[in-house]
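Turn this into a structure:
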Amino acid sequence: MLTQSSTRVLEPADLGAALAVLDSAPVENAFVTARVQLAGLDPWRLGGEMWGWYSDGHLTSLCYSGANLVPICATPEAVRAFAERARRVGRRCSSIVGPAEPTAQLWRLLEPSWGPARDVRAHQPLMVADRPSDTVEADPLVRRVRKDEMDVIMPACVAMFTEEVGISPLAGDGGLLYQARVAELVGSGRAFARIEDGKVLFKAEIGAATRQACQIQGVWVAPEHRGKGLSETGMAAVLRYALADVAPVVSLYVNDYNAPARAAYRRVGFEEVGAFMSVLF
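Numbers count the residues shown, from 1 in each chain. Modelled structure (predicted):
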């Protein structure tokens, strides 16, 4: 029995305790919570390990170590322990992402051995909404993407990813994993777009989704249609779908330097409640 402060890789039997930690901050933990609810804690199904930090024998902090390294409800002591474990095993992730304060501490500890990063986005406002917009009319032409429209939506998804991350999702495996993820979102009814004459004007997806909260991602407007308000009316439409069909709270996070997007989301009704940080390799 763990009676002192310590960290270890969690096992399937620890699922209840891990979910209790995740449920303590349902909005900011939505991404990891969704994965754990679907796959449990078995590393093969989860796509990575879940590290747990115990204080006086109680599980109080987590860190997901997979394609992303994500500190969860992490105290300063837990972050130090997670950083030490991460240094020992070496970098396996393509990014570190999570609530800004613990993520910044984690990066400070890891940068000497893992740096330099390709990009550091130190302040990404976390925004939430729990009711449909009462100021922006939802675009009636925004709808769920059909399964037979993969060839239509993929170029827009690739363009969005490349603009946002700085590299193409087609690199490496030719985009097989990325295409599978897009197909999963389309198949589950969580991909939305305004499509005219076979072209995507606006698109967004509901990525992480739990019973308590969901997260909008991949917001994109075709360059030739930017500045026409499509991001606002499109987001108002996706917000309505999300609240009606997925979860009672809808969140997203956005780069702080993207002032137009932040202003658009505020007009739709999203409020800033915190901040994330991303370190990209």
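
Leaving out the residues flanking it, which one is nearest to residue 42?
residue 12 (5.5 Å; CB to CB, 6 or more residues apart in numbering). For the C-beta atoms, the positions are set from N, CA and C on the backbone; glycine is no exception.

Compute the number of surrounding residues for that neighbour.
12 (other CB atoms under 10 Å).

For the helix or strand hosting residue 85, give me every contacting residue.
Assigned by DSSP states H and E, residue 85 belongs to helix 76-89. Residues outside helix 76-89 that contact it (CB atoms under 8 Å, 6 or more residues apart in numbering): 5-7, 51, 53, 55, 60-61, 63, 65, 69, 71, 74, 102, 105-106, 109-110, 113-114.

Narrow the residues you listed to those in strands?
6-7, 51, 53, 55, 60-61, 63, 65, 69, 71 (DSSP state E).

Tell me how far the residue nearest to residue 42 lies from residue 253.
30 Å (CB to CB, to the nearest Å).

And for residue 82, the neighbour number?
Neighbour number of residue 82 under other CB under 10 Å is 28.

typo on my end, it should be residue 106
25.

May I ask you to confirm that it is in contact with residue 68?
No - when contacts are counted by CB atoms under 8 Å, residue 106 is not listed as touching residue 68 (11.9 Å).

anything in contact with each of those two?
In contact with both residue 106 and residue 68: residue 96, using CB under 8 Å, 6+ apart.

residues in contact with the most centrally placed residue in the chain?
The chain has residue 31 as the residue nearest its centroid, 5.3 Å off, counting by CA atoms, centre = their mean. By CB under 8 Å, 6+ apart, the contact set of residue 31 is 70, 207-208, 215.

ok so residue 220 is a strand residue?
Yes - under DSSP: H, G, I helix; E, B strand; the rest coil, residue 220 sits within a strand.

Surely it is in contact with residue 160?
Yes - Residue 220 is within contact range of residue 160, at 3.7 Å (criterion: CB under 8 Å).

so what sits against both of those two?
Common neighbours of residue 220 and residue 160 (CB under 8 Å, 6+ apart) are residue 203.

ok, now how distant is residue 142 from residue 28?
27 Å.

Same check on residue 86?
For residue 86, the distance to residue 28 - CB to CB - is 20 Å.

Packing partners of the helix or strand hosting residue 262?
Element membership for residue 262 (DSSP H and E) is helix 259-268. Under the contact criterion of 3 or more CB pairs under 8 Å, 6 or more residues apart in numbering; DSSP states H and E, helix 259-268 touches strand 119-129, helix 230-245.

Any idea how far whatever helix or strand comes next after it is from the middle of the chain?
Downstream of helix 259-268, the first helix or strand assigned by DSSP H and E is strand 271-280. In terms of CA atoms, centre = their mean, to the nearest Å, the centre of strand 271-280 is set 10 Å apart from its chain centre.

which neighbours does strand 271-280 have in its sheet, and in what orientation?
Sheet pairing of strand 271-280 (DSSP bridges) gives strand 95-99 (antiparallel), strand 119-129 (antiparallel).

how far off strand 68-72 does it point, in degrees?
140 degrees (axes from the mean of the first three to the mean of the last three CA atoms, to 10 degrees).

what's in contact with strand 271-280?
27-28, 94-100, 103-104, 107, 117-129, 165-166, 253, 256, 262, 266.

got the buried residues for it?
Buried residues in strand 271-280, counted by 16 or more other CB atoms under 10 Å: 274-279.

got it, and stretch 30-45?
Result for stretch 30-45 [16+ other CB under 10 Å]: buried residues 30-36, 40-41, 43.

Out of the contacts of strand 271-280, which end up buried?
Using 16+ other CB under 10 Å, the buried ones in the contacts of strand 271-280 are 27-28, 94-100, 103-104, 107, 117, 120-121, 124-129, 253, 262, 266.

number of nearby residues for the residue nearest to residue 214 when sequence neighbours are not counted?
Excluding the flanking residues, the one nearest residue 214 by CB to CB, 6+ apart is residue 247, at 4.2 Å. Using other CB under 10 Å, the number of residues around residue 247 comes to 21.

before we move on, what SS does residue 247 have?
Going by three-state DSSP: residue 247 is coil.

Give the residue spans of the stretch 51-200 of the chain that score low on pLDDT.
Filtered on pLDDT under 70, the stretch 51-200 of the chain yields no residues whatsoever.

try it again with 90
Applying pLDDT under 90 to the stretch 51-200 of the chain flags residues 56-57, 166, 171-175.
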